[in-house]
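Novice: please work out how this folds:
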Amino acid sequence: MKIELKKFGDILISRPSGKEAYLAMSAYITKDVNKNEPIEIDFSEVKVMTPSWADEVITKLAVEFKNIKFTNTKNPTVQATLKTLREYSGLEVGEI
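Specialist: Numbers count the residues shown, from 1 in each chain. Here you go, the predicted model:
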């Protein structure tokens, strides 16, 4: 399964909007997905992403699903945010 974050906007900021995005994903995108199914999180067209938004979405998805990979992570704010999550949230997700 592929989750395109651009569906939630190109500027992904604030904990409340991240929480809202995660709840929408849980209700409509990942609701019936097997917890062992590979999940690809695509960051294409994301201009800005903050650690607070990503903690509400990325960290929770990584806890829920065991096989997550990231794509299109060249954006500097995406890279910095993922580094922060790895350091402070223990995020262990690979990039493809």
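Novice: separation between the most centrally placed residue in the chain and residue 88?
Specialist: Nearest to the mean C-alpha position of the chain, counting by Cα atoms, centre = their mean, stands residue 58 at 3.3 Å. For residue 58, the distance to residue 88 (Cβ to Cβ, to the nearest Å) stands at 12 Å. Bear in mind the C-beta positions are built from the backbone N, C-alpha and C, glycine included.
Novice: next one: residue 50
Specialist: 13 Å.
Novice: who's more crowded, these two?
Specialist: Remark: of residue 50 and residue 88, residue 50 carries more neighbours, 18 against 11, as counted by other Cβ atoms under 10 Å.
Novice: farthest residue from the center of this structure?
Specialist: Computed with Cα atoms, centre = their mean, the residue of the chain farthest from its C-alpha average is residue 32, at 18.0 Å.
Novice: distance of it relative to residue 1?
Specialist: 10 Å.
Novice: okay, and the beta partners of the closest residue to residue 65 other than its chain neighbours?
Specialist: Distances taken as Cβ to Cβ, 6 or more residues apart in numbering place residue 39 nearest to residue 65, at 4.8 Å, with adjacent residues excluded. Residues in a beta bridge with residue 39, per DSSP bridges, are residue 68.
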